[in-house]
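In: sequence plus predicted model, see below.
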Amino acid sequence: MSPSPRTAPRRERARAATIDEIKQTALALMRERGTVEVRFTDIARAMDMTPPALYRYFADRDELISALIQDAYDALGTEVAEARAEVPADDIGAAFLAAAQAYRRWAHREPQQFALILGMPLPDYAAPEDGRTSEAAGRAMAQLSSLFIEARQRGELASPRLREVHPAVEDCAKLKHGHHSMVEPEHFQAMLHAWASLHGFTSLEANGHFDWMEEAARDALFGGQMRLVAEVAGLPVPPPL
């Protein structure tokens, strides 16, 4: 007797639900312990399963970590995209500030996911060869880099404060975007400077190094930092917070 047409979809839904439960359990354990390390035995115990049963869903720990990394990048990209959508599309300065605030907000709300993708590399972890985690990272980071492209297309991208580009950085620009990049090497360099500044502030705050400041002072410092970054990078300067 042939199976019912609904049998396979129901089985697939059940498998997808279990995979999601495994990932959510792993994240919950990370949050509980304040770490990004996780073991199959601990996940299985929390789910009332046997460790070998988990291997029906993930080949090993690296495959699970890769799935969590991909989810985290997608979540960060979605957060930034939604924030950008809330400001006028033709206001590049406001869009940059909204994107930066979303990046900072997400890191504060999801410290384990933030650490998983943008913290110290996990010991003995090997990224998948198919590049899916790198592709997820590219999609998330494109929410920031695309602002430079949009500013150039609108004629609003000024020369960055630092125009000298080391040949090695130029090679990185060609490797990343090819010889027909939408931005010049000096703006590729400015993109990296902007991200490094945003990430540096966010990481310092996420790790408690600004806890001695009141929240209003941290917000003001962040707003000023992003305005400075925009000015140095050649982007339209966003309004003060």
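Out: Great, that's in hand.

In: count residues in the vicinity of residue 233, would you?
Out: Using other C-beta atoms under 10 Å, residue 233 is surrounded by 28 other residues. For every residue, glycine as well, the C-beta is placed using N, CA and C.

In: tell me the domain boundaries of this structure?
Out: Domain segmentation of the chain under automatic domain parsing yields 10-58, 72-233.

In: name the stretch among those that sits most buried.
Out: domain 72-233 (a mean of 16; mean count of other C-beta atoms under 10 Å).

In: quick one: end-to-end length of that domain, please.
Out: 27 Å (C-alpha to C-alpha, to the nearest Å).

In: quick one: average pLDDT of that domain?
Out: Averaged over domain 72-233, pLDDT sits at 91.

In: circling back to that earlier point, let's have the domains of the chain in a markdown table, adding distance to residue 65.
Out: Shown next, in a markdown table, are the domains of the chain (distance: least, C-beta to C-beta, whole Å):
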| stretch | distance to residue 65 |
| --- | --- |
| domain 10-58 | 8 |
| domain 72-233 | 6 |
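
In: relative to residue 66, which of the ones you listed is closest?
Out: domain 72-233 (5.0 Å; C-beta to C-beta).

In: name the SS class of residue 235, please.
Out: Secondary structure for residue 235, judged by DSSP: H, G, I helix; E, B strand; the rest coil, is coil.

In: who's in contact with it?
Out: Contacts of residue 235 were listed using C-beta atoms under 8 Å, 6 or more residues apart in numbering, and they are 92-93, 96, 147-148, 151, 156-158, 194, 229.

In: rewinding a little: and of the domains of the chain, who's closest to residue 241?
Out: domain 72-233 (3.4 Å).

In: mind checking how far that closest one is from the chain centre?
Out: Centroid separation for domain 72-233 versus its chain: 9 Å, with C-alpha atoms, centre = their mean, to the nearest Å.

In: what's stretch 49-59 in contact with?
Out: Here stretch 49-59 makes contact (C-beta under 8 Å, 6+ apart) with 15, 18-19, 22, 40-41, 43-44, 64, 67.

In: export the host helix or strand of residue 53 to PDB, keeping only CA atoms.
Out: When elements are assigned from DSSP states H and E, residue 53 belongs to helix 51-54. Extracted in PDB, the C-alpha atoms of helix 51-54 (Å, rounded to 0.1, in the frame of the first residue of the first chain):
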ATOM      1  CA  PRO A  51      23.200  11.400  22.700                       C
ATOM      2  CA  PRO A  52      23.300   9.000  19.800                       C
ATOM      3  CA  ALA A  53      19.700  10.100  18.900                       C
ATOM      4  CA  LEU A  54      21.000  13.600  18.200                       C
END
